[in-house]
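Trainee: I would like to see how this sequence folds:
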Amino acid sequence: MIKKQKHYDKKRIEKLYDLPQDFTDRLYWIDFLKEYTANDYYWYIPKAMSVKIENVQILKERLKALQRISLEDKWDLKNQHKYYEELENRKLIAPYVGKKKQDLASYTALMRINIIIFELLGFVYIQDEYVYITDAGYEFIKCKSETSLREVISRQISKYQFYNLKGREYINPFVSFLTVFTNAGYMVTDDEFRLFINIISNKTDIGNVLKRIKIWRKLSDKEKSTLIKCVEKIPSIKAEDIFGYSVSAVPKYKTIYQNYSYQKSFILFLFGDLITNNDGKYQTPRKDLLDKIGGKYIDKYTPFVFKSINDWFNFYGDYSRRPTSFELFKYQIETAVPSEAKKISKDSVELLKTLSKEEQKEIEDLIYEKEIEDIYSRKPSLIESGLTMVENGRQYSTLIGRIDMLCKDGTGHYVVVEIKRGNAEDKVIGQMLRYIGWVHQNLDGSGKTRGVILAESFSDKIKHARIGLLKENSKSFIKFRVVDVRGKDV
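Mentor: Model (predicted):
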């Protein structure tokens with residue numbers, strides 16, 4: 001915890017760079033120290049239960065207990081207390097020692113620590129006082145064996161990326177570490193991780209880190225110790241105050257050092273016995289298998305740049321989605337205006353050739369839907385008289401996906417509009433109900449939210465699915481309209 005701020009002038013900080021004149025590659029390392037000072041970023045992993053194989057069953061049971069509260073009830077002090085008592089009664093958490101149990105507020109920080117591990121793995125998100133368990137979270141809950149539990153966590157870690165990098169390129173820590181590890185002789189030390197790997201923030205940094213490790217290994221043990229002592233004195237600098245050098249009382253390296261065990265367990269979990277950490281070194285007994293993993297992940301991994309936190313949560317929490325070039329391509333099309341979508345497609349001819357027929361068809365459908373979306377978003381009244389689009393209503397971003405158009409009718413009630421190419425099937429009803437439920441819970445609890453599905457035709461299955469809602473007003477609750485600038489109900 002940061003207790004106070006100090007102010008360091010530039011000259012005082014530069015004294016920290018005073019390496020001996022005979023220090024190997026002295027000017028190179030002085031530049032490194034300056035860069036280290038200026039860089040306010042490192043791979044922070046929240047301090048909660050470490051991600052280890054011996055903890056997976058406990059994590060599953062804790063998530064199952066949370067399932068009883070999610071969505072239906074608010075994540076308020078009362079339900080946090082209720083959740084804690086269930087964990088304590090089932091011996092899934094150590095008994096609370098401290099303030100009286102009657103003091104519900106005393107549970108807030110404790111419960112936050114228990115939830116944060118689920119957020120880290122993409123199993124849970126909290127928004128507007130409600131707990132959302134993601135598809136990945138439910139996949140984890142239904143696992144029957146330790147092997148399957150481990151598989152779900154490993155899959156999530158492999159697609160994790162830091163998303164709050166203040167404009168920097170998004171980075172996947174697993175792919176970055178694996179790239180450095182395999183190219184640095186299949187060995188990396190704890191010091192190399194804490195000093196260099198820990199501050200990778202883009203693809204270019206990976207090459208720089210490999211060069212830095214190579215030069216670092218030329219230093220004598222005494223020189224390495226001297227450099228670390230210099231680093232240990234460097235304060236944590238606020239990015240916005242870098243020219244004034246407003247800093248934390250806690251040195252940056254100490255902060256990283258304290259967080260390191262969580263970073264290490266998060267990275268190592270995915271590799272199992274393929275990479276071990278003993279005597280301060282990451283090493284492997286199976287270079288051949290690591291090369292296969294590298295070929296699978298490093299070559300195919302594509303870093304995403306998400307347009308909102310909701311988009312990141314939706315991607316990370318969807319167990320079926322992977323960080324592939326196709327997924328990125330699809331996301332770029334989905335979030336672009338029609339003219340941009342066409343240009344993206346035109347500029348990606350080579351990528352399109354590598355896609356399967358099904359993937360190519362999906363991209364074609366998306367571009368068509370964007371064109372239809374463009375027509376109706378310019379004039380929502382073509383869908384229904386009096387309909388207007390809310391602010392930022394086109395491709396409205398939510399935790400559970402993007403709504404094609406979020407509108408309001410003449411009476412001020414929300415209307416969710418979804419656009420589908422070709423024949424709309426019954427699964428669209430489930431998608432529509434999901435969005436209506438989200439709007440009802442987060443924007444308007446009046447019970448008057450409804451939906452409109454735009455498509456070229458509607459199958460008998462989707463018509464029966466609407467009948468199955470068993471609502472007297474099912475046709476007005478979810479309207480079917482043929483894609484036509486004149487508008488037509490089905």
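Trainee: the nearest residue to Val188 once chain neighbours are set aside: neighbour count?
Mentor: Leaving aside its sequence neighbours, Val188 sits nearest to Tyr282 (CB to CB, 6 or more residues apart in numbering; 4.6 Å). Where you see a C-beta, it was placed from the backbone N, CA and C, and this is true even at glycine. Neighbour count of Tyr282, defined by other CB atoms under 10 Å: 24.
Trainee: could you do Asp40 as well?
Mentor: A count of nearby residues for Asp40, using other CB under 10 Å, gives 17.
Trainee: can you give me the pLDDT of it?
Mentor: pLDDT, the model's per-residue confidence, is 73 for Asp40.
Trainee: contact partners for the residue nearest to Val188?
Mentor: Contacts were defined as CB atoms under 8 Å, 6 or more residues apart in numbering; by that measure Tyr282 touches Phe181, Met187, Val188, Thr189, Phe193, Leu268, Ile275, Thr276.
Trainee: also Lys330?
Mentor: Applying CB under 8 Å, 6+ apart, one finds that Lys330 lies in contact with Glu362, Ile363, Leu366.
Trainee: one more: Thr411?
Mentor: With contacts taken as CB under 8 Å, 6+ apart, Thr411 has the following neighbours: Lys448.
Trainee: domains for the protein, by residue range?
Mentor: Partitioning the chain according to automatic domain parsing yields domains covering residues 5-36+171-189+196-258+271-297, 53-158, 324-371, 379-482.
Trainee: please compute how far the first one lies from its chain's middle.
Mentor: Relative to the centre of its chain, domain 5-36+171-189+196-258+271-297 is centred 24 Å away, using CA atoms, centre = their mean, to the nearest Å.
Trainee: could I get the average pLDDT for it?
Mentor: If you average the pLDDT values across domain 5-36+171-189+196-258+271-297, you get 82.
Trainee: buried only: go through the contacts of Lys330 for me.
Mentor: Glu362, Ile363, Leu366 (16 or more other CB atoms under 10 Å).
Trainee: and which of the residues you listed is nearest to Lys214?
Mentor: Closest approach between these and Lys214, by CB to CB: Ile363, at 42.0 Å.
Trainee: looking at it, that closest one is touching Lys357, isn't it?
Mentor: No - here Ile363 does not reach Lys357: they are 10.9 Å apart, not a contact under CB atoms under 8 Å.
Trainee: count of neighbours near Ser457?
Mentor: Using other CB under 10 Å as the criterion, the residues surrounding Ser457 number 13.
Trainee: give me the beta-bridge partners of it?
Mentor: On DSSP bridges, the residues paired with Ser457 through beta bridges are Asn423.
Trainee: want to try CSV for the domains of the chain, with distance to Phe304 as columns?
Mentor: As requested, the domains of the chain are arranged in CSV below (distance: least, CB to CB, whole Å):
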stretch, distance to Phe304
domain 5-36+171-189+196-258+271-297, 9
domain 53-158, 14
domain 324-371, 6
domain 379-482, 14
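Trainee: returning to that earlier point: from the contacts of Lys330, which land in strands?
Mentor: Using DSSP state E, no member of the contacts of Lys330 sits in strands.
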